[in-house]
Structure formats: C-alpha cells, structure tokens
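Visitor: below are the sequence and a predicted model; questions follow.
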Amino acid sequence: MNRNLGKSRAFLLTGALLLSVAAVSVATGPTVGASSTSSTSNTITISNFMFKPMVLKVSPGATIKVINKDTSVHTVDATGGQFNTGNILPGKTKSFKAPTKPGKYHYICAIHTFMKGTIVVK
Ligand SMILES: [Cu+2]
C-alpha cells in the first residue's frame, strides 16, 4: 500500500515538471522575432508613417541614410537637437551624421510627431 502511494506521488511530480517545462517554452517563444526591430545597417527606411528599424545601432559619427518610401514629407529630428535632416520629400533619400558621443538618441518626425525612433551610438 505504501509502495503504491510512493509511485503515484513520483508520477504526479514528473507530470508537474513536464507542465512547468512546457510553460517556460511557451513564455520564451514570442521573443524570438524581437531582434527584427533592431539592425546594424546604417539605413532608416520610412514607410507607412513608421521608421524602420525602430532602434538603429551605429558607430560614433557614422553616416546614416534615410529613405522616404511614403507619399508624404517626413523628417528625422533628434528630440535633443543632436541631428535634423530637414524635409525629406516622398521617394527621396537624405543622409546625416550620427553623434560621436555614445548613447541613446530619440528622434521623431517634426511633421508627424507620433512617428518615433531611436539611434543607439556605440
Ligand atoms: Cu512624417
């Protein structure tokens, strides 16, 4: 009797372990695609009123190219004033220099201020 009780306890324990392993793999699953929002190339593409990538990593003083694929005028304006492309007309490309000081620089489109992006200088 006691032996059987011990066996069923071990079985329950194994089941609980398997369940917790399954829960962990489900929780970590969606983070796989997260890296697609950042990039190491020096190009920002604007389409559908969005900057891509949302986070751009560059070297200090790197030249950053901005391609406007929208039919609307956009800008890339650092909220701290470190850089500003001025108007980029539809279908046009402009370049600017990244700051030389390492750090995180947030920018917006001065015309559509809901458009936000970040440049990480490293
Ligand atoms: Cu805009």
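Guide: Structure received. Numbering: from 1, shown residues only.

Visitor: near the ion, which residues of the chain show up?
Guide: His74, Cys109, Ile111, His112 (CB under 5 Å from the ion). In this view, the C-beta of every residue, glycine as well, is placed from N, C-alpha and C.

Visitor: nearest residue to the second one other than its sequence neighbours?
Guide: Sequence neighbours aside, Met115 is the residue nearest to Cys109 in space, at 3.9 Å (criterion: CB to CB, 6 or more residues apart in numbering).

Visitor: quick revisit: tabulate the residues of the chain next to the ion (JSON lines), appending neighbour count and secondary structure.
Guide: Listed next are the residues of the chain next to the ion as JSON lines, based on neighbours: other CB atoms under 10 Å; DSSP: H, G, I helix; E, B strand; the rest coil:
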{"residue": "His74", "neighbour count": "25", "secondary structure": "strand"}
{"residue": "Cys109", "neighbour count": "24", "secondary structure": "coil"}
{"residue": "Ile111", "neighbour count": "13", "secondary structure": "coil"}
{"residue": "His112", "neighbour count": "16", "secondary structure": "coil"}
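
Visitor: so where's the protein uncertain?
Guide: 1-40 (pLDDT under 70).

Visitor: would you map out the domains in it?
Guide: Per the record, the chain has its domains at 2-34, 40-121, by automatic domain parsing.

Visitor: all strands of the protein, in order?
Guide: Along the chain, counting by DSSP state E, strands occupy 38-39, 43-47, 50-52, 55-58, 63-68, 77-78, 93-97, 103-108, 116-121.

Visitor: can I get these in CSV including distance to Thr85 and mean neighbour count?
Guide: What follows is the strands of the chain, written out as CSV (distance: least, CB to CB, whole Å; neighbours: other CB atoms under 10 Å):
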stretch, distance to Thr85, mean neighbour count
strand 38-39, 18, 15
strand 43-47, 9, 18
strand 50-52, 12, 18
strand 55-58, 14, 18
strand 63-68, 6, 17
strand 77-78, 7, 19
strand 93-97, 5, 15
strand 103-108, 9, 16
strand 116-121, 12, 18
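
Visitor: give the burial count for Ser72, as a bare number.
Guide: Neighbour count of Ser72, defined by other CB atoms under 10 Å: 13.
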